[in-house]
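> Using only what follows, build the 3D model:
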Amino acid sequence: MPNVTVRRIPKDVYAGLKRDAKRRRRSLNAEILALFADKAEMARRRARAAKAMAAIDRIREEIARKYPNQPDSAGLIREDRDSR
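Now for the predicted structure:
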């Protein structure tokens, strides 16, 4: 398993890590590994979300080309809401 050495950690950051590790009943190493794992998972989620948004944009453009000049529904929605 690879190792990482981190130098020059600010004292307040180190103290915060130690405090969080203690609160979660983890070693400092386990706390840092959990942070790395969380960061990696968030990066994977962002990548999946970006792919999904790109697919949605492609579908939206395809629909706009297939059905051009569609009216904006915002006015109709506002009119319906105001009538209540």
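
> Remind me what the strand or helix carrying Leu76 packs against, helices and strands.
Assigned by DSSP states H and E, Leu76 belongs to helix 74-82. On a contact count with 3 or more C-beta pairs under 8 Å, 6 or more residues apart in numbering; DSSP states H and E, helix 74-82 meets no helix or strand. C-betas here are computed from N, CA, C, even on glycine.

> quick one: buried residues of stretch 3-23?
Ala21 (16 or more other C-beta atoms under 10 Å).

> Pull the residues that contact that stretch.
Ser27, Leu28, Ala30, Glu31, Ile32 (C-beta atoms under 8 Å, 6 or more residues apart in numbering).

> mind redoing it with 6 Å?
Here stretch 3-23 makes contact (C-beta atoms under 6 Å, 6 or more residues apart in numbering) with Leu28, Glu31.

> any idea how far that stretch is from the chain center?
24 Å (C-alpha atoms, centre = their mean, to the nearest Å).

> cool, and stretch 48-60?
With C-alpha atoms, centre = their mean, you get 15 Å for stretch 48-60.

> avg pLDDT for it?
What stretch 48-60 shows for mean pLDDT is 97.

> begin at 20 from here
I'll keep to 20 as the first residue from here, and by that count the last item is stretch 67-79.

> contact partners of it?
Under C-beta under 6 Å, 6+ apart, the answer for stretch 67-79 is an empty list.

> returning to that earlier point: quick one: buried residues of the helix holding Leu95?
So, applying 16+ other C-beta under 10 Å, helix 93-101 has no buried residues.

> Send over that helix as CSV, restricted to the C-alpha atoms.
What follows is helix 93-101, C-alpha atoms only, in CSV (Å, rounded to 0.1, in the frame of the first residue of the first chain):
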residue,chain,number,x,y,z
ALA,A,93,-43.3,30.5,-17.5
GLY,A,94,-46.1,32.9,-18.4
LEU,A,95,-48.7,30.2,-18.4
ILE,A,96,-47.4,28.8,-15.1
ARG,A,97,-47.5,32.3,-13.5
GLU,A,98,-51.0,32.9,-14.8
ASP,A,99,-52.2,29.6,-13.3
ARG,A,100,-50.5,30.4,-9.9
ASP,A,101,-52.0,33.9,-9.8
